[in-house]
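Novice: sequence and predicted structure are below.
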Amino acid sequence: METIHALLEAITASRVDQARFQVDLARLQANNVELCKINEELRRNLQNIGEHIVDERAPPLPVKAPPMLFPQVIMDTVIPATSMGPKVTFTGVEDPKAHLTAFHT
């Protein structure tokens with residue numbers, strides 16, 4: 001008999017939980033409908049703003065010629081022969097073998 005009484009209490013508790021779940025489900029469905037309406041309104045507003053931005057956009061800028069590369073600018077510059085002087089001055093000749101060190105055992 002005790003088992004039947006425990007089962008009846010479990011059924012009653014389950015029905016209470018089910019009723020609470022039904023109320024929560026109805027509230028969530030109402031929230032969902034409201035959110036769908038707000039989402040649709042925001043989508044329309046965003047689309048309208050996008051159309052205004054397209055209408056108010058400035059005309060495209062004219063295409064410029066690409067800038068010349070730095071070495072090309074130097075190559076096109078004429079340098080008079082009188083302004084050119086020596087770039088390197090030799091002060092002496094060293095023996096190339098003097099810098100080599102060999103260790104023999």
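Specialist: In hand now; what should we look at? Residues are numbered from 1 along each chain as shown.
Novice: what are the boundaries of the helices in the chain?
Specialist: Here the chain has its helices, by DSSP state H, at 2-55, 70-76.
Novice: okay, those helices in TSV with mean neighbour count next?
Specialist: In short, each C-beta sits where N, CA and C put it, glycine included. Formatted as TSV, these follow (neighbours: other CB atoms under 10 Å):
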stretch	mean neighbour count
helix 2-55	10
helix 70-76	9
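Novice: those: lowest mean pLDDT?
Specialist: Lowest mean pLDDT within the helices of the chain: helix 70-76, at a mean of 65.
Novice: which of the helices of the chain sits closest to V93?
Specialist: helix 70-76 (33.0 Å; CB to CB).
Novice: turn the helices of the chain into CSV, columns for distance to E94.
Specialist: What follows is these, written out as CSV (distance: least, CB to CB, whole Å):
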stretch, distance to E94
helix 2-55, 73
helix 70-76, 34
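Novice: those: which one's closest to D95?
Specialist: Comparing those under CB to CB, the one sitting nearest is helix 70-76, at 38.3 Å.
Novice: any idea how far V16 is from L7?
Specialist: Distance check for L7 against V16: by CB to CB, to the nearest Å, it reads 15 Å.
Novice: now D24
Specialist: D24 sits 13 Å away from V16, going by CB to CB.
Novice: what of D95?
Specialist: As judged by CB to CB, D95 and V16 stand 107 Å apart.
Novice: which among the helices of the chain is found nearest to V63?
Specialist: Evaluated over those, closeness to V63 peaks at helix 70-76, with 20.0 Å, by CB to CB.
Novice: of the helices of the chain, which is nearest L61?
Specialist: For the helices of the chain, the distance to L61 is smallest for helix 2-55, at 17.2 Å, taking CB to CB.
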